[in-house]
Structure formats: structure tokens, C-alpha cells
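**Student:** When you get a sec, could you give me coordinates for this:
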Amino acid sequence: MFSLRTYFYTGFPGFITSRLIAEAFEQNICDEAYVVVEECQSLNAEVVAATLLTRYPTKQIHIIEGDITLPNLGLTDVVVEELAPKISVLWHLAAIYDLAVTRTLAWRVNVHGTSMVNDFAKQLPNLSRYMYFSTAYVAGTRTGKLKETELSTPAAFKNYYEETKFEAELLVEDCKAELPITILRPGIVCGHATTGETNKFDGPYFLMNLIDRLSKLPTVPYVGKSKAKTELNVVPVNYIIEAATYLALTDEAIGETVHLTDPNPHPIQEVYRIMVKEMTGQYPFGNISLNVARRVLANKKLRIYFGVEQQALDYLAWQANFDTTVAERLLKNSTVKCPDFIAILPVLITFYEAHKKDSAKQVKIL
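**Tutor:** Predicted coordinates for the structure are as follows:
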């Protein structure tokens with residue numbers, strides 16, 4: 001008889017996946033974790049797993065080489081037959097998150113890969129939950145209040161990442177009738193609210209890269225003239241981990257789609273103003289229009305110099321906000337709360353300043 005305290009993860013040894021495993025071990029809700037990794041990630045996965053197990057020596061992490069874009073995730077029939085009855089919770093996080101990703105690669109991993117994971121999930125006889133990580137940005141270019149209960153096709157998407165995550169979520173949504181699914185839609189994820197730790201400087205860190213380069217000027221200008229309704233929705237990784245872990249154990253979350261977004265986001269202009277002050281000691285002055293910024297970042301050498309993906313500019317003028325009614329209902333009896341982004345900015349910036357020259361943390365700009 002299996003203990004049904006076995007979790008299965010895609011996306012290891014990624015930043016969020018590894019911390020989800022640590023949280024499950026810390027709360028003692030999981031005895032062993034199976035992780036499927038590509039062959040090229042095996043060595044890195046072993047290092048991350050070994051580090052985790054030094055903190056949790058009574059737990060187990062089993063690394064299985066595979067490929068989520070293949071049937072049975074590239075696992076042999078023997079492995080699937082042995083493993084399937086053990087798995088109680090399946091976490092699917094593996095995806096291409098780069099805003100500048102090509103459509104072909106994004107579609108293969110994000111859409112086709114999710115289809116393969118869905119098929120794998122249907123073979124698990126003792127599955128109590130399938131936790132799927134989508135993104136709040138499946139909304140594409142839709143504006144106004146975006147509800148958790150909606151999955152409407154937008155007029156357009158800002159990039160192929162958004163488009164393929166939308167298509168992937170449709171596939172998972174279609175499985176809700178036969179699988180115990182919870183779909184999570186995180187906002188832009190930043191580092192830990194207490195330590196600032198992150199593995200990758202994307203999202204709000206693109207703004208930090210920009211401010212860092214512009215700080216060589218006498219004054220740092222604003223970029224664009226954002227309206228009050230243009231918000232920056234950033235959530236620290238610890239909120240995502242704590243909320244996701246809680247929801248995986250909450251029966252009321254079965255069949256739900258949940259925005260793990262900041263319920264009280266700040267206008268981008270306000271965030272940028274505080275960020276410039278924190279990083280340079282003075283408030284921004286003057287303005288560079290978004291059109292000028294786009295022309296500048298159309299040049300690859302300048303994109304690399306400023307450390308900003310051109311697609312990131314699209315979010316500086318996007319007027320939408322995420323409804324969190326479902327999230328608030330499901331988390332109301334927990335201690336999980338989303339920290340205020342501006343309140344944690346000093347911690348995030350301190351970590352950024354200490355590690356900004358670490359090329360492993362900087363996104364490769366294409």
C-alpha cells in the first residue's frame with residue numbers, strides 16, 4: 001500500500017519548483033519527490049537535489065531523465081507502471097518563460113508539452129491533485145478587470161509566451177471534468193520578500209537594469225507617461241510557494257482557476273519613481289517616450305547594453321487589473337498574504353545590487 005505522500009514535478013531544478021519541493025518537505029506533507037528533467041539538466045538537478053536533502057535528510061528526491069514533449073514524458077513503460085500508482089500530487093511548471101521566445105519553441109514546450117503532461121496525469125490512479133502553473137498574462141491585450149473565471153480569447157497577444165500559455169491553459173481547462181485540477185495564474189514573480197533571493201533578473205529587474213544604466217546620466221528620466229490605471233503586478237516568490245502549497249491541500253480549490261497576483265498593485269509610474277530613488281538617491285526627472293524607447297531597444301546592441309528585452313516595454317502601457325476574488329476566498333482561512341511590492345523593494349534592490357554582475361542571473365537578451 002502506497003503512503004500517497006509522493007509528489008511528481010516538472011520544471012526541476014527551476015527556482016520555483018525547487019522551492020515548492022522544499023516547502024512540501026518543510027511542512028512534512030511529502031515524503032518523496034519524483035522530478036522529470038532533460039538529460040542536459042541532470043547534473044544541475046543532482047546538485048540542487050543534494051543541497052535540498054542536506055536540509056531534509058529523511059526525504060527523497062528521485063531524478064528521472066525525460067522530456068515533457070514526448071509521450072509518457074519520455075519515460076519507459078516500466079517506469080510509468082511502477083511510478084503511476086505512487087503519485088498523489090502532480091505539479092506541472094516546465095515551460096519556456098522568455099518574452100522573446102520564438103513561436104516554434106514556445107509551442108513545442110508550452111502547448112504540446114502540456115498536452116503530454118495531461119495525458120500522463122490521466123494514467124495516475126491515485127491522483128488527488130494536478131497543480132498546473134499558467135500565468136495571469138494569458139489575458140493577452142485584454143484590458144480592464146480580468147476575472148479568474150474567464151479564459152477569453154484576446155484580440156492579440158503581446159508575445160508568443162502569452163499566446164502559448166493561453167493555448168496550454170485551454171488544454172488543461174478541458175481536463176477539469178476528469179482530473180482534480182487547480183490552475184494557478186501567477187503575476188510577475190520577483191525574489192523572496194525577506195531575503196530578496198532570485199535566480200533570474202527578469203520582470204521588474206529589467207527596470208532595475210535600465211535604471212542602473214541610466215544612472216550614469218545627471219538625472220534618470222521616466223520611461224513613458226503611464227496612466228494611473230497602468231499597474232505593475234509583481235508578487236514575491238515566497239507568496240507563490242506558500243499559496244500554491246496551501247491550495248494543493250485544499251479540496252475547495254479543485255476545479256478552480258486562481259490568480260496569484262497582488263490584490264493591491266501600485267501604478268507603474270509610482271513603482272518606477274520609488275525604484276529610481278532607492279537605486280540612485282534621487283527621484284526621476286524628465287521623460288523618454290515609449291516610442292523612443294522602442295526604437296532604442298530595436299537595436300540588439302542597445303538591448304544588450306541596457307539589459308532589457310524589447311517585449312518588456314509592452315507592459316508599461318497595458319491598462320488591466322487582475323480580479324482576485326477566488327484567491328481571496330480560498331486563502332481566507334490561511335496565514336498566506338501577499339506582501340506589498342513597494343514595501344519589499346529595498347530588499348529586492350539590495351539583492352540585485354549585490355548580484356547584478358552575475359551573468360548567470362541576467363537574462364540572455366536576443
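
**Student:** Neighbours of residue 340, how many?
**Tutor:** 13 (other Cβ atoms under 10 Å). C-beta here means a position set from N, CA and C on the backbone, and glycine is covered the same way.

**Student:** wait, what's in contact with it?
**Tutor:** residue 264 (Cβ atoms under 8 Å, 6 or more residues apart in numbering).

**Student:** wouldn't residue 143 be in contact with residue 321 here?
**Tutor:** No. Counting by Cβ atoms under 8 Å, residue 143 does not reach residue 321; the two are 9.1 Å apart.

**Student:** which one of the two has more residues nearby?
**Tutor:** Between residue 143 and residue 321, counted using other Cβ under 10 Å, the more crowded position is residue 321 (17 against 13).

**Student:** Name the SS class of that one, please.
**Tutor:** strand (DSSP: H, G, I helix; E, B strand; the rest coil).

**Student:** Tell me the pLDDT of the residue lying closest to residue 142 once chain neighbours are set aside.
**Tutor:** In space, and not counting its chain neighbours, residue 142 is closest to residue 154: 4.5 Å by Cβ to Cβ, 6 or more residues apart in numbering. Looking at residue 154, its pLDDT reads 94.

**Student:** Contact partners for residue 154?
**Tutor:** 139, 140, 141, 142, 166.

**Student:** Which parts of the stretch 151-300 of the chain are helices?
**Tutor:** Along the stretch 151-300 of the chain, the segments classed as helices by DSSP state H, counting those that start in this stretch run 160-173, 204-214, 237-248, 268-280, 290-297, 300-306.

**Student:** want to try TSV for the contacts of residue 154, with secondary structure as columns?
**Tutor:** Formatted as TSV, those follow (three-state DSSP):
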residue	secondary structure
139	helix
140	coil
141	coil
142	coil
166	helix
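
**Student:** Select, from those, the two members most distant in space.
**Tutor:** Farthest apart among the contacts of residue 154 by Cβ to Cβ are 141 and 166. That separation is 11.4 Å.

**Student:** Pull out the buried residues from the contacts of residue 154.
**Tutor:** When those are checked for burial by 16 or more other Cβ atoms under 10 Å, the buried set is 139, 140, 142, 166.

**Student:** Okay, the spatially closest residue to the last one that is not a sequence neighbour and residue 42: tell me how far apart.
**Tutor:** Nearest-residue entry for residue 166: residue 138, 4.2 Å, with adjacent residues in sequence omitted and distances by Cβ to Cβ, 6+ apart. Using Cβ to Cβ, to the nearest Å, one obtains 31 Å as the distance from residue 138 to residue 42.

**Student:** cool, residue 205 as well?
**Tutor:** Residue 205 is 28 Å from residue 42, by Cβ to Cβ.

**Student:** Near residue 55, how many other residues are there?
**Tutor:** Once other Cβ under 10 Å is used to define contacts, residue 55 is seen to have 10 neighbours.

**Student:** if I read this right, it contacts residue 23, doesn't it?
**Tutor:** No. In this structure residue 55 lies outside contact range of residue 23 using Cβ under 8 Å: 11.6 Å.

**Student:** Looking only at neighbour counts, state which of residue 205 and residue 42 leads.
**Tutor:** residue 205 (26 against 14).

**Student:** so that one sits right up against residue 352, yeah?
**Tutor:** Yes. Between residue 205 and residue 352 a contact is recorded at 6.2 Å, counting by Cβ under 8 Å.

**Student:** if we can go back for a sec, to residue 98, which of the helices of the stretch 151-300 of the chain lies closest?
**Tutor:** Once those are compared by Cβ to Cβ, helix 160-173 is nearest, at 6.5 Å.

**Student:** Could I get the average pLDDT for that closest one?
**Tutor:** 98.

**Student:** Stretch 74-93 now?
**Tutor:** 96.

**Student:** Just the C-alpha atoms of that stretch, please, in PDB.
**Tutor:** Output in PDB follows, covering the C-alpha atoms of stretch 74-93 (Å, rounded to 0.1, in the frame of the first residue of the first chain):
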ATOM      1  CA  GLY A  74       9.900  10.200 -22.400                       C
ATOM      2  CA  LEU A  75       9.700   7.600 -19.600                       C
ATOM      3  CA  THR A  76       9.700   3.900 -20.300                       C
ATOM      4  CA  ASP A  77       6.600   1.800 -19.800                       C
ATOM      5  CA  VAL A  78       8.300   0.000 -16.900                       C
ATOM      6  CA  VAL A  79       9.000   3.300 -15.100                       C
ATOM      7  CA  VAL A  80       5.500   4.600 -15.700                       C
ATOM      8  CA  GLU A  81       3.900   1.300 -14.500                       C
ATOM      9  CA  GLU A  82       5.900   1.400 -11.300                       C
ATOM     10  CA  LEU A  83       5.600   5.100 -10.700                       C
ATOM     11  CA  ALA A  84       1.900   5.900 -11.600                       C
ATOM     12  CA  PRO A  85       0.200   4.300  -8.500                       C
ATOM     13  CA  LYS A  86       2.600   6.300  -6.200                       C
ATOM     14  CA  ILE A  87       1.800   9.800  -7.300                       C
ATOM     15  CA  SER A  88      -0.700  11.800  -5.300                       C
ATOM     16  CA  VAL A  89       0.100  15.300  -6.500                       C
ATOM     17  CA  LEU A  90       1.400  16.300  -9.900                       C
ATOM     18  CA  TRP A  91       2.900  19.700 -10.300                       C
ATOM     19  CA  HIS A  92       3.400  21.000 -13.900                       C
ATOM     20  CA  LEU A  93       5.700  24.000 -14.100                       C
END
